[in-house]
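K.L.:
any chance you could fold what I've pasted below:
(one chain, ligands or ions: 2)
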Amino acid sequence: MNEKILQRISKIIIEYATKQQVVEYNKISNELGGIISPIRLNEPLGEISKRCIQYGFPPLSAIVVNQNTRLPGEGFFTWVAAQMGFPNLPHSKWEEFYEEQEGKVFNCNDWDSFLIRGFSDNFSDNTSSGFASLQNSNLVDLLNTKEYLKGQQTKYYILTVKDFVETQQQGPYRYHVLVTENEKLIKQSMVEHKIKKQLLTSAKRKGIQLLLEIDMQIENDSVTMAHYKPDRQTTELWEKEKSTNLESLIKEERFQLLTNIVQKDIEIEAAQEDYYYRDGKNIEYYGTRYERNPINRAKAIEIHGITCKACGFDFKEIYGERGSGFIEVHHINPLFSMGKETDINPETDLVPLCSNCHRMIHRKKNSILTVEELKMLLKKKLTLASN
Ligand SMILES: [Zn+2]
Ligand SMILES: [Zn+2]
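P.N.:
Ligands and ions are numbered 1, 2, ... in the order given. A predicted model of the protein is given here:
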């Protein structure tokens with residue numbers, strides 16, 4: 001159990017204690033922003049009371065009551081009582097025991113020192129919680145409960161956290177979208193709408209998009225998707241997405257992403273063929289026009305040889321006769337003014353490159369790589385592979 005949550009729950013109870021009031025389970029849950037459902041408070045409450053007893057304080061959970069019975073939960077009379085030396089407290093003595101402990105909690109005026117001594121770390125914690133909206137720290141707390149980890153565990157989790165309840169009358173309605181890798185939060189986003197509550201599908205898609213940004217080839221079985229629903233009618237507030245459903249969502253999103261990427265690549269290819277624009281008086285030409293000029297190409301090959309200057313690829317060596325004499329030629333400055341072909345110096349301006357390296361250099365219109373930069377990428381990749 002997370003120290004910070006335990007301390008925050010203790011603070012909430014102490015606030016009521018100093019007002020000589022009991023507090024209901026669901027009030028604590030609400031004040032925590034719904035990160036722990038009322039029914040799941042037993043465990044942290046037991047832990048808090050155990051520490052109270054350990055440090056000589058009355059058990060704080062004595063004043064946490066069920067809204068119907070107006071009594072603490074059964075755990076208080078069994079587990080907590082046992083910690084205090086009353087292992088088999090008969091049912092007939094419960095009320096007496098409760099009144100006695102409640103009185104002690106109300107009369108204690110040294111709770112500040114419990115807050116300091118009772119917890120292994122001290123946090124400054126001024127987060128205001130409540131249902132208004134889950135703050136980032138609440139989300140981190142929610143992850144720290146690890147309740148989203150169930151069944152077969154996976155490297156990645158896509159989590160959606162519903163940040164409103166169905167009965168809420170006013171928007172905006174919001175889902176937080178979180179991606180974890182080895183139980184660490186690595187990406188975060190949200191979807192929200194002023195009037196629409198049906199946002200879960202968008203949240204799911206958002207989460208998958210975040211994950212595909214990390215790895216487009218992600219394996220389906222390394223991912224779990226789960227949804228946190230604060231107003232779910234069961235004790236289990238996390239709902240796991242069916243794996244078949246997750247698989248088809250990933251497939252759809254991946255195809256969408258791939259289509260966008262390919263679309264851009266096709267635009268780049270078209271731009272390389274014929275992209276002109278006017279710069280003042282001159283018409284500028286951008287692209288591979290001069291690289292496709294046969295005289296330039298032949299001169300460049302004559303000077304620089306027929307293997308790729310970036311990776312060393314030799315077409316004839318790999319493809320035999322079919323590849324003989326083939327290499328592409330790259331102009332190191334893709335921007336020219338029209339009609340200045342004669343200015344090209346094949347020795348300094350042109351470089352032989354294989355088709356792969358050439359494509360990679362041109363792949364991003366606004367950041368054409370130098371041959372040296374491409375070589376650096378290759379080197380990095382090769383070093384990684386050999387390690
Ligand atoms: Zn190459
Ligand atoms: Zn080129």
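K.L.:
tell me how far residue 172 lies from residue 199.
P.N.:
Separation of residue 172 from residue 199 (CB to CB, to the nearest Å): 10 Å. Heads up, the C-betas are built off the backbone N, CA and C, glycines and all.
K.L.:
ok, these two, which is more surrounded?
P.N.:
residue 199 (20 against 14; other CB atoms under 10 Å).
K.L.:
ok, the more buried one - contacts?
P.N.:
Taking CB atoms under 8 Å, 6 or more residues apart in numbering, we find residue 199 in contact with 173, 174, 175, 191, 192, 193.
K.L.:
also residue 207?
P.N.:
Applying CB under 8 Å, 6+ apart to residue 207 gives the contacts 158, 159, 160, 177, 178, 179, 189, 225.
K.L.:
and the longest helix seen in the chain, anywhere near ligand 2?
P.N.:
In the chain, with assignment by DSSP state H, the single longest helix is helix 243-273. No - residues of helix 243-273 are not located near ligand 2 by CB under 5 Å from the ion, the shortest gap being 7.8 Å.
K.L.:
got the buried residues for that helix?
P.N.:
Buried residues in helix 243-273, counted by 16 or more other CB atoms under 10 Å: 246, 249, 250, 253, 254, 268, 272.
K.L.:
tell me what it is packed against?
P.N.:
For helix 243-273, the packing partners by 3 or more CB pairs under 8 Å, 6 or more residues apart in numbering; DSSP states H and E come out as helix 200-214, strand 223-228.
K.L.:
what comes up buried for the longest one?
P.N.:
Applying a neighbour-count criterion of 16+ other CB under 10 Å, the buried positions in helix 200-214 are 202, 203, 204, 205, 206, 207, 208, 209, 210, 211, 212.
K.L.:
next up, phi/psi of residue 352, please.
P.N.:
Backbone geometry at residue 352, expressed as degrees, to the nearest 10, gives phi -70, psi 130.
K.L.:
how about the contacts made by the one residue in the stretch 1-150 of the chain that gets nearest to ligand 1?
P.N.:
Using CB to the ion, the closest approach of the stretch 1-150 of the chain to ligand 1 is made by residue 143 at 44.5 Å. Contacts for residue 143 (CB under 8 Å, 6+ apart) come out as 159, 178, 180, 183, 185.
K.L.:
quick check: residues of the stretch 251-387 of the chain near ligand 2?
P.N.:
By CB under 5 Å from the ion, the residues of the stretch 251-387 of the chain that approach ligand 2 are 291, 330.
K.L.:
so, low pLDDT: which residues of the stretch 251-387 of the chain?
P.N.:
271-290, 334-343, 366, 385-387 (pLDDT under 70).
K.L.:
quick one: residue 67 is in a strand?
P.N.:
No - looking at residue 67 with DSSP: H, G, I helix; E, B strand; the rest coil, it is coil, so not inside a strand.
K.L.:
count residues in the vicinity of the closest residue to residue 162 other than its chain neighbours, would you?
P.N.:
Counting by CB to CB, 6 or more residues apart in numbering, residue 229 is the residue found nearest to residue 162 once chain neighbours are left out, at 5.1 Å. Counted with other CB under 10 Å, residues neighbouring residue 229 total 18.
K.L.:
residue 237 is in contact with residue 229, correct?
P.N.:
Yes - using CB atoms under 8 Å, residue 229 is in contact with residue 237, at 6.0 Å.
K.L.:
can you measure across stretch 301-315, start residue to end residue?
P.N.:
One end of stretch 301-315 sits 13 Å from the other (CA to CA, to the nearest Å).
K.L.:
can you list contacts of it?
P.N.:
By CB under 8 Å, 6+ apart, stretch 301-315 touches 316, 323-327, 329, 346-347, 350-354, 356-357, 361, 371, 374-375, 378.
K.L.:
in it, what counts as buried?
P.N.:
301, 304, 306, 307, 308, 309, 310, 311, 313, 314, 315.
K.L.:
give me the distance between the nearest residue to residue 326 once chain neighbours are set aside and residue 370.
P.N.:
Once flanking residues are discounted, residue 326 sits nearest to residue 315: 4.5 Å by CB to CB, 6+ apart. Distance, residue 315 to residue 370, by CB to CB: 23 Å.
K.L.:
of the buried residues of helix 200-214, closest to residue 40?
P.N.:
Proximity of the buried residues of helix 200-214 to residue 40 was ranked by CB to CB; the top entry is residue 203 with 23.2 Å.
K.L.:
the nearest residue in space to that closest one that is not next to it in sequence bridge partners, please.
P.N.:
Among residues not flanking residue 203 along the chain, residue 175 sits closest, at 3.8 Å (CB to CB, 6+ apart). Here residue 175 sits in beta bridges with residue 162, residue 191, as judged by DSSP bridges.
K.L.:
my read: residue 175 touches residue 159, true?
P.N.:
No - Residue 175 lies out of contact with residue 159 (CB under 8 Å); the separation is 10.0 Å.
K.L.:
now do the helices in the stretch 1-150 of the chain.
P.N.:
Ranges of helices within the stretch 1-150 of the chain are 3-18, 25-31, 42-54, 74-75, 81-83, 94-107, 111-117, 136-144, based on DSSP state H, counting those that start in this stretch.
K.L.:
re the thing from before, columns distance to ligand 1 and mean pLDDT on top of the helices and strands packed on helix 243-273, output as CSV?
P.N.:
Converted to CSV, the helices and strands packed on helix 243-273 look like this (distance: least, CB to the ion, whole Å; pLDDT from 0 to 100):
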stretch, distance to ligand 1, mean pLDDT
helix 200-214, 27, 94
strand 223-228, 35, 96
